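# need coordinates for the below:
(chains A and B)
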Amino acid sequence: MSQKQYWTDLEDLKNINAPRPDAADNEFKEELPFDLSDSLFSATTPRRDFLKFLGFSTLAATLVASCEMPVRKAIPYAIKPEDIVPGVPNYYASTFADGGDYCAIVIKTRDGRPIKIEGNELSSITKGGTSARVQASVLNLYDKARIRHPYADGKEATFASIDTMVKEGIGTKPGYLVTGSVLSPTTKEIITQFTTKYPNVKHVVYDAISYSGMLQANEACYGKRTLPTYHFDKAKTIVSIGADFLGTWLSPVEFSKGYSKGRKISAKNIKLSKHYQVESTQTITGAAADQRATCRPSEKSKIAVALYNAVVNGTQPNLSTPNLNKLVMSAAADLKKGNGLVVCSCNDVVLQTVINAINDKIGANGVTINWTVTSNYRQGIDKDVVDMVAAMEAGQVGSIFLHGVNPVYDYYEGKKFADALSKVPVSVSFADRMDETAQKCKFVVPDHNFLESWGDAEPKPNYFSLMQPGIAPLFKTRAVQDSLLTWTGAAQSYGDFWKDYWMKKTGSQENFDKALQDGVIEPAGEMANGGAAFIGNVADAIAKIDARTVKTGVELNVYQKIGIGYGGVWSNNPWLLEMPDPITRVTWDNYLCVSPKRAKALDAELTGFSEVDFKKRVVTLKGANGYTVNVPVIVVPGMHNDVVALAVGFGRDAKVGRAAASDATKGGKNAYPFMSFNGLTFESHSDVTITGTNEKYDLAYTQSHNSYEARPVMHEFTLEEFSKDPKVLLKERGVEIAEFAAVPWIEEGKEGKEPIVDANTEEGYRANGTLYPNYQYEGIKWGMSIDLNSCTGCGACVVGCMAENNISVVGKEHVIKNHEMHWIRIDRYFSGMTDDPDTIQTVFQPMLCQHCDNAPCENVCPVSATNHSSEGLNQMAYNRCIGTKYCANNCPYKVRHFNWMDWNGADAFADNLYEDDRRDDMNDNLTRMVLNPDVTVRSRGVMEKCTFCVQRLQDAKLTAKKAGRPLKDGEARTACQTACPTDAIMFGNVKDKESGIAKLRKEEQMERTFYVLEHIHTLPNVNYLARIRNTEEIHAKDETKDDFLKYHI
Amino acid sequence: MPLSKICSRSVFVFFFFLLLCNFSAIAAPDGKALFMSNCAACHNPIKDATGPALQNMDKTFPSKDWGYNWVHNSAALVASGDPTATAIFNKFNKVPMTPFPQLSKEEIDAILKYVDDFKAPVAAAPAAAGAEGGATESNSWIYTVITLSLLLLVIILWRANKALGRAANDKMGIRNEKEIPLYRSKLVIAITAIIIFIMSGYWLVNGAVNEGRQQNYQPLQPIFYSHKVHAGINQINCLYCHAGAEKSRHAMIPSSNVCMNCHKQINSYSGEADHPLKTAEGNVVNGTEQIQLLYKYAGWDPVRKDYKRDANGNILATPIQWVKIHNLPDHVYFNHSQHVKVGKVQCQSCHGQIQEMDEVYQFAALSMGWCINCHRQTDVQFANNNYYSIFEKYHAEIKSGKRTGVTESEMGGTECQKCHY
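Below is the predicted model of the structure:
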């Protein structure tokens, strides 16, 4: 695929093969505050002023220096807990559960504070993987917006007084206990006790992002109102209709783990699953797909029927585009080969019935779809919720209890819900903050954060996961289970209830301790797998779909961002807000995603093509129900031309938190009111009309911040190319470096040979490609490998790195100015033609400091603040740095970040702290508890970059030294590596010939190994494994075919 | 037998006997040291504590072997239903004694001998101290006075010589050069200026370099805790209290319940005679009062001999706010366990003769140069630690005799990111 050309945005596409003037020449965008005029004396800062400042600063420095040293205290424990050694972290296995989202985790606590979340490798479900949200969840514990005591009627109250009032208030009128999907068996038990005691109270499950369509279809088709387990690892053909299963759909961590197994490929084992994706918007799952086509949301059901017919009868489909027809036919052919899997995200009973029918026909049940061990991730039925709201409106409801839900914000008719809520005499919210719903409730009885709670989860029947606290509750909060137990009249606390329950279940203290230590209780052996008999009425479903018409106007797709998700507490998480969206690379806002063509069609001047220009045009979006918002437009290649998309989780109330607060100038707009209810399920797509305005809105977009000046950084091949010649990459590299692998005067045997990289080339190139002496590394040399086939761009590593390395959050204004501090970023590149979204292929490349052995940054530092270690690390000594930024200028990978401001109050001078409102809570003393004490908090004026998590490397070495044994492979792991749900990152000592990384580079994956910008002899210690796409189609830039590029850009 | 022969033989026997005594003196277990390291936490020779007063305790044992068994594993003896054992166990609140299976019979005997011979210290006249103080007084001031008077003499003579010369010139009719006062002499001004410039430059740079450093810092602490009494005189192992030094980056200041392990029974300072406590300013400190101060922090009721507790049974202790002496900047990572456990560095290397300090002061400069210097000169435990087995080149060089050891800096110990990250 060497003819393939990658571009980051439309401007880049225009300037392919030439450095783009905007980004390349202006790496540091703002003007320096110096007057560089010719006439020095008439300048605004003349020489005399300079001397005055010089004198002043010398005097000031002297004064500061003569100040007395402060008296510091060292305060030990009064009584030291036995299991805490100050300075040594403790790890507790626990469970992340948010609504139905599940992840088995390990909490790292330092001196009693949870500071980092890792995945729990003992879980057979998530297998040690995490997501960006799981990584960021530790920050929610220290969220300043958390309420610190219970409220009654908006005033501080005691639990006791609320208990009395609630118990009196429940009465005999119908009541509702509304929760999100509950995974916890003990909580379910307590809810049952509660509803038994108060038979007038009904338990309703409400999922803001609902899977009701699937649940109901499964009930009709298989007699079980549940979701199956999907085995992506066993699937050879995957067809996804709209399901972003690697990003936001159902259980992305579990699916990413499984999916990536089928995507690992080596020259010795050339096998790859085939992934077809049909979607309306651009998602990371679409980016990972081998073959992708776009469609309108209203056409998805037609596509499912076409696929069904193609599988059953081989009928040639007649869909809106030839590409869809083609995709359906080849997908059907592949599905029939066995080990197929079809998934669809649409919350549509009829459509899901057809999907179930296809999976039944291709024999997926019992192979890739497991009905023996099902999933409990979602349990909400939309109709129940709508009925409840109707009852509330009618004034029939006497009490309502809301746990883990926020319908005033995320119900499709949030206003209606708020009005209905005011008619309920006793309303109780268990929210941890004054969210939109809690504000309208009579009582707020705050629940603990999950890092403060005992608890459990049963993500799949008989697969249990225990939750234990990493810290005592910070505020006057009470577990929701405790509240319910109190109101039920039970004498037991939840802690005792929980312990009794699990002691009984595990049988003995020993088993209980083991379970608590492991965090999971699972049946032994591999997960049982089995099918189910299909009894659905597919003919009826097809008839219903045939009666539908495909819409013609612009359709809006309401979607979830991978970081913010459905909203909830995530809307106020600065780490997630600053994490660039994998596809749009925009931070801090939501916006309307449109295709380039649609943008152009809206208004010639409205395009906002220039993604370098952060000022985006604002449009007015009007829904079918009259709901209107003004949102900025961002161009996303790969969007269907008639579809626009808006993310939920924004447009929050000020009390949700400082980072989430929204108004006309910040915080985005709420997209939930664009959803609708079709009588059975909530729908996430609707008709909209768009009109332009003359307003502009700043969007903090990061992809164009760095430029490789048109040097190629990616290597991608089709499966066919790679299987035909596994050495294709070695040859491509050979052209670049083989010539320099031997000194020029060794000419024998060179002529007539095709240059190719072999076992000795790299060493030869290292030694002979430079005039410098070749340093011999001893003992340890760290290296990292990143598999571009496995990387899905999900962003877990980015947030994991922020948590581990105290990465500053700089806020929107400074992201706009290129000042974001992420040590690892995930670059997103498009290829293909802009006017046809089906041709767009997307690749991700995580980019971090490459720890070059011949590093360009080291040579230019005037104070040697950055230099090389004997273990191959490119070191950065913050306190030596004087901030010349030469290193960042000279870094070809653009991975160095300068502290333009005092982001964290780390400066010696007081009142130097940068503040911009939305990010300021990061510097609250409460939030600062999340900082990793082993990593320096950097002050203003110094450069920083990835250290390969040197604190972890040092710790691993120290552990080995203390035990008096050599370092084991896999002992030293970086934060990005442990966060990754697809095991795309491998790290280790390349000098150890038995290590995974050494074997991977020399044996297993030699044919796919490459180094970015290898030909400039930087000798990086990070290598990448080339992307192999299982497709025949490659779309290069082609002005003759791409009218849009030809005429409009 | 001639007398001389008898004499020589008896002399020989006498010396041989001496030699034997000497050997046994070397080989015999040191009862005091063993008692201090193993027993002192719970036992006092003459007072009941957590465990009984040990003086003459052995006389109450049913047999010698019973005593050994008791020390090796008292719990087993109690469990077997032995009446003496059960009686002791019950008398001391059924707190089982820590088993010491590692103590040999000889060592146990030595401990018992030490406690039996132990005599309560008697206050001695504090006369010796004054005499000692006089001897150490410095007499450098005498030299200073002599030097200064000699200098004065030189100046007076020089001036007199000059004046006489001028007077002689006057007499002879030779014209005297006009005398320029010293303060207007260009040479003097120039030299002074240069000296002042150099001196102030030196002062400025030195001041800047030393900013934030606190060598010899010796603050007053909330409790007059004497390392000399604990680590010096009583030879308590540093790691008993600073347990973190082997495990963590922090050596860890012990919490007050660790102090109470010993001070539950040691409620007075009895060493006034041998070692009266004094602050650096010379104020006399009452050791017993300081122990009472500890009880206040630890929540210990010395009368009831029990902790004060709240309604939930939690001990009412408050942490002691010690003044931190050794301060490293935030951007420096230092790990005690790396140095103590891996590097096998003595505490004294960085903290000075801590066992001689009543009040701790910062011994080392704690400057980067000081760290680096040590890293350059100190060998790592290359041969003794298998971790270093992967450094084949150095092993080969040691084998071939090219080098004798590997210094910390050769292992990369002077690189930035070993301490700064």
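# CA only for contacts and neighbour counts going forward, please
Noted.
# strand partners of the helix or strand hosting A:Phe96, parallel vs antiparallel please.
Here A:Phe96, judged by DSSP states H and E, is contained in strand A:90-98. Strand A:90-98 pairs in its sheet with strand A:101-110 (antiparallel), by DSSP bridges.
# quick one: name whatever helix or strand follows the strand it pairs with.
As assigned by DSSP H and E, the chain's next helix or strand after strand A:101-110 is strand A:113-119.
# state the mean pLDDT of that following strand.
The average pLDDT within strand A:113-119 is 95.
# and what of stretch A:903-910?
78.
# I'd like the average pLDDT over stretch A:259-275.
So the average pLDDT for stretch A:259-275 ends up being 92.
# show me what counts as buried in it.
Within stretch A:259-275, the residues scored as buried using 16 or more other CA atoms under 10 Å in any protein chain shown are A:259-267, A:271-275.
# what is the nearest of those residues to B:Pro62?
Proximity of those to B:Pro62 (CA to CA) peaks at A:Lys261, which lies at 72.5 Å.
# correct me, but the closest one touches A:Asp233?
Yes. If you go by CA atoms under 8 Å, A:Lys261 and A:Asp233 touch, sitting 5.5 Å apart.
# can you tell me how far B:Ala311 is from chain A?
According to CA to the nearest CA, to the nearest Å, B:Ala311 and chain A sit 17 Å apart.
# also B:Leu151?
Distance, B:Leu151 to chain A, by CA to the nearest CA: 36 Å.
# so is that residue in a helix, a strand, or just coil?
helix (DSSP: H, G, I helix; E, B strand; the rest coil).
# could I get the full set of helices for the stretch 101-250 of chain B?
Using DSSP state H, counting those that start in this stretch, the helices of the stretch 101-250 of chain B run over B:105-117, B:128-136, B:140-172, B:186-209, B:227, B:238-241.
# highest mean neighbour count out of these?
Highest mean neighbour count among the helices of the stretch 101-250 of chain B (mean count of other CA atoms under 10 Å in any protein chain shown): helix B:227, with a mean of 21.
# shaky segments in the chain?
Went with chain A since none was named. A:1-3, A:11, A:14-46, A:64-68, A:603-612, A:744-753, A:908-910, A:1035-1049 (pLDDT under 70).
# meant chain B actually
Looking at chain B by pLDDT under 70, you get B:1-28, B:41, B:49, B:93, B:120-138.
# list the buried ones in stretch A:449-466?
Buried residues in stretch A:449-466, defined by neighbour count with 16+ other CA under 10 Å: A:449-460, A:463-466.
# what of stretch B:65-85?
Within stretch B:65-85, the residues that count as buried by 16+ other CA under 10 Å are B:66-75, B:77-78, B:85.
# the chain - how does it break down into domains?
Using chain A here. Listed by automatic domain parsing, the domain ranges of chain A are A:151-210+A:380-462+A:479-510, A:212-375, A:555-568+A:578-705.
# chain B was what I was after
Here the domain parsing of chain B from automatic domain parsing is B:31-117, B:145-209, B:227-366.
# out of those, flag the one nearest A:Ile824.
The closest of those to A:Ile824 is domain B:227-366. By CA to CA, the value is 22.1 Å.
# list the contacts for A:Ile303?
Each residue near A:Ile303 by CA atoms under 8 Å, 6 or more residues apart in numbering or on different chains is listed here: A:Leu319, A:Leu324, A:Val328.
# sorry, wrong one. I was asking about A:Val428.
A:Val428 sits next to A:Ser399, A:Ile400, A:Phe401, A:Leu402, A:Ala438, A:Cys441, A:Lys442, A:Phe443, A:Val444, A:Val445 when contact means CA under 8 Å, 6+ apart.
# can you tell me how far A:Trp622 is from A:Ser684?
Let me fix one detail, which is that residue A:622 is Lys and not Trp. Remark: distance between A:Lys622 and A:Ser684 (CA to CA, to the nearest Å) = 15 Å.
# between these two, which is the more surrounded one?
Neighbour totals were compared for A:Lys622 and A:Ser684, and A:Ser684 leads with 22 against 18 (other CA atoms under 10 Å in any protein chain shown).
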